[in-house]
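[1] what's the 3D shape of this:
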Amino acid sequence: MKKIIKVVGYILLLICSYILIMFLISFIPVNSKIKKLAINEEIDIYINSNGVHTDLVVPYKTDLRDWSKNIAAINAKNEKIKCNYLSIGWGDKGFYLDIEEWADLDFKTAFNAALGLSDSAMHVTFLQTMNQDKRCKKIKISRDNYKKLIAYIESKFKKDSFGNFILIDGASYANNDIFFEANGRYSFYYTCNSWANEGLKKADQKAALWTLHEGGIFTHYK
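    Now for the predicted structure:
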């Protein structure tokens, strides 16, 4: 009995240590000093969170990237949508498509997601306007850094033999979003927020050294 208690104690200590390290590392900044840009060099992007999950929001069309060539502004019902911005997130396919509420979460989905055993998906939401608040922050990014962000985002979309993004038919939450197949594996050490944070780092923007949660990103944009 004492051995069992000791093993449980070690497991709890390991979990607590992991959580503590996770939060501490998320407060370590990278790219904290950003050069001020000339107005004609700026492109507005956003980080947008629902309180759990962080998306990267980019203009639908610019001279650097016209996303309509790969992502038509049409919802799962094949209805056209007015769109000025794409809110793009990456995550576990099982979580995205099978879990509408936390009450729907089952052991298999959680287990597969934690250990990186299931596929991933890209969630794309079509937006007309963006409004800043505590969960949505505008970032002015240089044209060169936006090119880096474009390359990063594109690398996560799985493509067919013709180079087209692979749509997941009929999958959506509302009338302004769709899903695509994605590359990479979600896990307990690389989450949807880790993906968004990594994108900011790739684009030479302020970010956490490493984070699993959305607070680890937004703490650097207060």
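[2] what pLDDT does the model give Pro29?
    Among the per-residue scores, Pro29 shows a pLDDT of 92.
[3] wait, it touches Tyr221, no?
    No - with contact defined as CB atoms under 8 Å, Pro29 does not reach Tyr221; the gap is 10.5 Å. The way it works is simple: take the backbone N, C-alpha and C, and place the C-beta from them, glycine included.
[4] show me the helices in this protein, by range?
    Secondary structure of the chain (DSSP state H): helices at 2-26, 93-98, 107-114, 143-156, 192-202, 215-218.
[5] lowest mean pLDDT across those helices, which one is that?
    helix 107-114 (a mean of 51).
[6] wait, what's in contact with Thr219?
    By CB atoms under 8 Å, 6 or more residues apart in numbering, the contact set of Thr219 is Ser26, Phe27, Ala208.
[7] which of those count as buried?
    Ser26, Ala208 (16 or more other CB atoms under 10 Å).
[8] can I get the contacts of Thr219 in JSON lines with distance to Asp119?
    Listed next are the contacts of Thr219 as JSON lines, based on distance: CB to CB, whole Å:
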{"residue": "Ser26", "distance to Asp119": "26"}
{"residue": "Phe27", "distance to Asp119": "32"}
{"residue": "Ala208", "distance to Asp119": "26"}
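[9] return the member of the contacts of Thr219 nearest to Thr54.
    Nearest to Thr54 among those: Ala208, at 11.1 Å, using CB to CB.
[10] report pLDDT for the closest one.
    95.
[11] that one pairs with what?
    Pro29 (DSSP bridges).
[12] surely it touches Phe27?
    Yes - using CB under 8 Å, Ala208 is in contact with Phe27, at 7.2 Å.
[13] quick check: neighbours shared by the two?
    Gly216, Thr219.
[14] follow-up on the earlier one: so which of the contacts of Thr219 comes closest to Ile88?
    Ala208 (19.1 Å).
[15] what separates that closest one from Leu167, distance-wise?
    Counting by CB to CB, to the nearest Å, the gap from Ala208 to Leu167 is 32 Å.
[16] re the thing from before, any common contacting residues for Pro29 and Tyr221?
    Joint contacts of Pro29 and Tyr221 (CB under 8 Å, 6+ apart) are Lys206.
[17] give me the nearest residue to Ile28, chain neighbours excluded.
    Nearest residue to Ile28 in three dimensions, chain neighbours excluded: Leu209, at 4.0 Å (CB to CB, 6 or more residues apart in numbering).
[18] isn't the one you found right up against Ile25?
    Yes - between Leu209 and Ile25 there is a contact under CB under 8 Å: 5.5 Å.
[19] and the residue nearest to Ile28, how many neighbours?
    For Leu209, the neighbour count with other CB atoms under 10 Å is 14.
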